[in-house]
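# Could you work out the structure for the sequence below:
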Amino acid sequence: MSTPMVLRLLSLLLLLSLSACASPAMLNRIAPEDGYTVALDQQYDAASGQLLDVYTPIGAVNAPTVVFFYGKRWSGGDKSEFRFVGQALASRGFVAVLPNVRHYPAVRFPVFVEDGAKAVQWARANAARHGGDPAKLFVMGHSSGAHIAAMLALNEDYLKAVGGSRSWLKGMIGLAGPYDFMPITAPDLRDIFGPVDRFAYSQPVFFVDGKNPPLQLLHGANDEIVEVKSTRNLARAVAKAGGAVETVIYENLSHSMIIGALGSFLRGRADVLDQVEEFIKREASAKRLPPQSEIRATPLQGAPQRLELVPLPAPEPIPEAEPLPVPDAEYAEPQPLSS
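From the prediction side, this is the model:
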């Protein structure tokens, strides 16, 4: 067998190995079980019976508190699948709150965002008893969970409905989020976010007013599930409005690996957790980078990250995003085969 063929086979085996290691089940199995405590199945909404889990670092007092929403295309998943995320955040000294929200087809938009607001309300009311500081509250999410977090940070109506406001939030962190995904053509998405005259209400980018809590938007340029332009479109709109936003673009990360990199075994793959930690600690102490900035990160296996702070491009008209493409990974959120 020729040397190039051997190298291609080795590369394929490495990719398959990384994909297996990035599965939620594997990341949970290898997540450390020490250094934190877990309060399971705390009820945050009696009417719907929704539950959440709280991960508390040992000895935590007045720690920043992060409400994390997982992503499964608004239609599946469970908080128990993301123990590795709770462990990752707790390992950096943060109280992590992982709620379940109701899913399609049992509910449609905006019910899952309303559930998210109730989870944030619970976290604010109960943070201190779990070692957290209610004045240092963040929302975070991956994929459709990042959509929920962004809606809470950008459309204040949801937190107002539970007696709060965006002033509750020190910041929002989004991993590979769909923030600008019109036109909506997939049948399930049209059902989730319909009727047609309501589609615009589901788009975080349309609620930008420059008054948002600071946003940190991370995305992989190799994402084949949610295109990176969704993050760039939101960042451009927020910057144009004068809001606080920064983006971290990883040239070599896929949709699944940007959250997989939070797992203990894969943290050397990219510095996602380091970026999140720095943002939370900075914003918790109200020290901010200038708005309208972008960090480009190129993950190098076994080598330090190379980071370059560069200005965002000049504001441009926000183009329509393409519909979410067909997925091919375990973290993928199923797309119908035809319209």
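# so where's the protein shaky on pLDDT?
1-22, 287-339 (pLDDT under 70).
# Stretch 67-76 spans what distance, first to last residue?
Using C-alpha to C-alpha, to the nearest Å, one end of stretch 67-76 lies 18 Å from the other.
# residue ranges for the strands of the stretch 101-250 of the chain, please.
For the stretch 101-250 of the chain, the strands defined by DSSP state E, counting those that start in this stretch occupy 132-142, 169-175, 215-220, 245-250.
# Tell me the helix or strand right after the last one.
So the one you mean is strand 245-250. Sequence order places helix 255-260 as the next helix or strand after strand 245-250, per DSSP states H and E.
# quick check: angle from the following helix or strand past that following helix to strand 169-175?
As assigned by DSSP H and E, the chain's next helix or strand after helix 255-260 is helix 272-284. Orientation of helix 272-284 against strand 169-175 (axes from the mean of the first three to the mean of the last three C-alpha atoms, to 10 degrees) gives an angle of 160 degrees.
# burial measure for Cys262, as a count.
Just to correct that, residue 262 is Leu rather than Cys. For Leu262, the neighbour count with other C-beta atoms under 10 Å is 25. All C-beta atoms are positioned from the backbone trio N, CA, C, and that covers glycine.
# Next up, the contacts around it.
Contacts for Leu262 (C-beta atoms under 8 Å, 6 or more residues apart in numbering) come out as Leu27, Phe84, Val85, Ala88, Val272, Leu273.
# any chance of those residues in JSON lines, plus distance to Val208 and neighbour count?
Compiled in JSON lines, those are given as follows (distance: C-beta to C-beta, whole Å; neighbours: other C-beta atoms under 10 Å):
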{"residue": "Leu27", "distance to Val208": "33", "neighbour count": "25"}
{"residue": "Phe84", "distance to Val208": "32", "neighbour count": "24"}
{"residue": "Val85", "distance to Val208": "27", "neighbour count": "28"}
{"residue": "Ala88", "distance to Val208": "29", "neighbour count": "27"}
{"residue": "Val272", "distance to Val208": "24", "neighbour count": "27"}
{"residue": "Leu273", "distance to Val208": "27", "neighbour count": "19"}
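# Hmm, Ala31 is touching Phe84, no?
Yes - assessed by C-beta atoms under 8 Å, Ala31 is found in contact with Phe84 at 4.2 Å.
# Having no further points to raise, I will conclude here.
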